[in-house]
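Asks: Please work out how this folds:
(chains A and B)
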Amino acid sequence: MSSRVFIPGDSAALSVGAEEVEAALRRIAEERRLAVEIVRNGSRGLFWLEPMIEVETTAGRIAYGPVGSADVASLFDAGFLSGAPHELCQGPTEDIPYLKNQERLTFARCGFTDPLFLADYEAHGGFGGLKRAIAMTGAEIVEEVVQSGLRGRGGAGFPTGIKWKTVLGEPAGVKYVVCNADEGDSGTYADRMLMEGDPFLLIEGMTIAGLAVGAAEGYVYIRSEYPHAYRQMARAVEVAREAGWLGPDVAGCGRAFEIHLRLGAGAYICGEETSLLESLEGKRGVIRYKPPLPAIKGLFGKPTIINNVISLASVPIILERGAAFYRDYGMGRSRGTLPFQLAGNVKRAGLVEKAFGLSLRQLIEDFGGGTASGRPLRAVQVGGPLGAYFPATLLDLPLDYEAFATEKGMLGHGGVVVFDERVDLARQARFAMEFCAVESCGKCTPCRIGSTRGVEVIDRIAAGKDPVANIALLEDLCTLMTDASLCALGGLTPLPVMSALKHFPEDFDRPQAQAAE
Amino acid sequence: MSGPIADQPALQRIIEDLRHLPGALLPILHAVQERFGFIDDAAVPVIAEALNLSRAEVHGVITFYHDFRRAPAGSHVLKLCRAEACQSMGCEALADALRRRHGIAFGETSADGRLTLEAVYCLGNCALAPAAMLDGKTHGRLDGARVAALLKSVGAVA
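Replies: Down below sits the predicted model:
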């Protein structure tokens, strides 16, 4: 009887040697004449344990990690194929507290199934949402999404159902569904993980969106930094098409839906929806004025649903289990779950899908185990490069869109980057401005020029040149960028800058600076 | 390899294969760069004419996106992530060490043409920082020794 071993094919696992582990495992199994079936699953998101391999036993799957290729022989010696103890053994995967204490709705299958094996997907609830959607009218599908309270997971938090309703209300004709997979925020990797680990879920979500508003074509715009996710999605689309889940007659329902993939070209701004649409049309990724909204005049001038990967991937479970099931998770106006992504200087970095409302402290301390370096935590940046830096005193803040807005921050795409005491917040503020200068599309002056002026002002402050006047100038510049920029890049760059200034003023007023006067 | 590529049948084939796509310019530019290693200025008028665009429009797109190169890179390209999550795990020290060791700034190629060093802002490997991409493959949990070993393994350093 052959044993079944799971080795993640996720690019993060590959980045720390999953391929070498697989090669060693195959070689040693052959030498010892053991029948081993290897499945390349997605990642469970327990990245500190990657490469984490699992063995199927009568007691469920047993996890071992982090496994290096040099550990494989000793795993065989210990008898890992029957789930035997070993120093790398983590016990039954489902009982690892990090995973057990999560509420995995969107990521329920990720890391569990073979991502490209359609039968596996269906056996674990896949296409349940689409099957239900096929029997509903467009308006009923949209209403279900509205009622679920789902808000855009890309960062802006706009109600997904309302976007859909607008597109549905446009006259019938050519409409599009566009998936924003230009996940450029540092500290985020949920989109990548999902596309690599459960790509059919995204395909299902997009197809439901297409049925809901009467769109027959969808595009996924994937950033070029994710070549592995692109290849995985391309294969998944092919498999789904061959099985009739995509094409002229989706699952025999008589309606068409087709998905095309496009590769970005290394521009952060293309994560902004109108810039992404320009890029899809083959142009420079310069943002568009709004109105008209993309829902009315989007891709190639047609009504377009444009949603983030996780927003679309959250739709199937809403359709399958009903709006109320999803809405019951969360707090306030933040309903459902968010896959938080713990990153940076944290002991147990990984994906934590939880209902809104847990605190930053629970996330960083209970799940994350504190800093990786063991030094005291000094700052946390939530929401990517445009998110605020919070000090350790604000860790009890609940993870909720409104609570973060009150503290002049944002949840964004759910990325949480931890810094220890060695971080210099003046340097981080400078980086925020510099990043904005590099990535600005150049359309509006506050962003294009303001970011460069911002770098200069922070340099003067750091050099101790008239700090009081220059800090006032920096605040003034930030107000202007917030109020007058056309999109979120220029409009939110002041968040990291101002939060650094507010919570860590000591970093902007250094003793050696005065000496230089 | 760096001569004018405008006449080459390979360029024509790429254009013919992809021009039917809606928004074909980016897919064509990606394919040209994949095939030739960079986008020669001589290819610009050919692509422009095929897509009924002005040369300025094509040039504008090439220069807007960080990915597209107008000159060949070194034999190996190391893209070191310098975004926040990697910063929190010390990528700037790695960046300094690489600059010193190879005598080049980011965006430059070593004198022997073996290594091009580039900055990238997020590879989505933030849980395994610091991260870098070497010739299209992502590596995580890096330190100075591991980067040196990787560069050596592909022949990017003598």
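Asks: what about the chain, any weak spots by pLDDT?
Replies: Here I'm looking at chain A. A:510-517 (pLDDT under 70).
Asks: ah, no, chain B please
Replies: B:1-7.
Asks: the helices in it, which residues?
Replies: B:9-18, B:25-36, B:43-51, B:55-64, B:84-87, B:91-102, B:144-154 (DSSP state H).
Asks: most neighbours per residue, which of those helices?
Replies: Among these, helix B:84-87 has the highest mean neighbour count (mean count of other CB atoms under 10 Å in any protein chain shown), at a mean of 31. To be clear about C-beta, it is placed using only N, CA and C from the backbone, and glycine gets the same treatment.
Asks: hang on, the earlier thing: out of the helices of chain B, which gets nearest to residue A:438?
Replies: Nearest to residue A:438 among the helices of chain B is helix B:55-64; the distance by CB to CB comes to 12.3 Å.
Asks: For the closest one, enumerate the helices and strands it packs against.
Replies: If contacts are counted by 3 or more CB pairs under 8 Å, 6 or more residues apart in numbering or on different chains; DSSP states H and E, helix B:55-64 sits against helix B:25-36, helix B:43-51.
Asks: circling back to that earlier point, would you mind saying which of the helices of chain B lies nearest residue A:97?
Replies: Closest among the helices of chain B, using CB to CB: helix B:84-87, at 23.5 Å.
Asks: ok so, going back, distance to residue A:386 for the helices of chain B - can I get that in a markdown table?
Replies: Below are the helices of chain B laid out as a markdown table (distance: least, CB to CB, whole Å):
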| stretch | distance to residue A:386 |
| --- | --- |
| helix B:9-18 | 34 |
| helix B:25-36 | 25 |
| helix B:43-51 | 34 |
| helix B:55-64 | 20 |
| helix B:84-87 | 11 |
| helix B:91-102 | 20 |
| helix B:144-154 | 29 |
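Asks: Near chain B, which residues of the stretch 1-150 of chain A? Just list them.
Replies: Neighbours of chain B within the stretch 1-150 of chain A, by CB under 8 Å from any CB of the partner chain: A:11, A:12, A:14, A:15, A:16, A:47, A:48, A:50.
Asks: Repeat the analysis, applying 7 Å as the threshold.
Replies: A:11, A:12, A:15, A:16, A:47, A:50 (CB under 7 Å from any CB of the partner chain).
Asks: From what I see, the third one and residue B:125 are in contact.
Replies: Yes - taking contact to mean CB atoms under 7 Å, the distance of 5.4 Å between residue A:15 and residue B:125 places them in contact.
Asks: who's more crowded, those two?
Replies: Shown here are residue A:15 and residue B:125; by other CB atoms under 10 Å in any protein chain shown, residue B:125 has more neighbours (30 against 26).
Asks: Now the phi/psi pair for that one, please.
Replies: phi -120, psi 40 (degrees, to the nearest 10).
Asks: And for residue A:396, the neighbour number?
Replies: Neighbourhood size, residue A:396 [other CB under 10 Å]: 9.
Asks: Without its sequence neighbours, what residue ends up closest to it?
Replies: Leaving out its chain neighbours, the residue that sits closest to residue A:396 by CB to CB, 6 or more residues apart in numbering or on different chains is residue A:359, at 5.1 Å.
Asks: Contacts only, for the one you found.
Replies: A:395, A:396, A:397, A:398, A:399 (CB atoms under 7 Å, 6 or more residues apart in numbering or on different chains).
Asks: So what sits opposite it in the bridge?
Replies: Using DSSP bridges, the bridge partners assigned to residue A:359 are residue A:398.
Asks: now residue A:381
Replies: Bridge pairing for residue A:381 - DSSP bridges - gives residue A:389, residue A:417.
Asks: Please report the distance of it from residue A:346.
Replies: 12 Å (CB to CB, to the nearest Å).
Asks: CA atoms only for the top strand by length along chain A, dumped as CSV, please.
Replies: Secondary structure of chain A per DSSP state E: the longest strand is strand A:337-344. Listed next in CSV are the C-alpha coordinates belonging to strand A:337-344 (Å, rounded to 0.1, in the frame of the first residue of the first chain):
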residue,chain,number,x,y,z
THR,A,337,-13.6,37.0,7.8
LEU,A,338,-10.4,38.6,6.7
PRO,A,339,-7.3,36.5,5.9
PHE,A,340,-4.7,38.5,7.9
GLN,A,341,-1.1,38.1,6.8
LEU,A,342,1.5,38.2,9.5
ALA,A,343,4.9,39.2,8.1
GLY,A,344,8.2,40.7,8.8
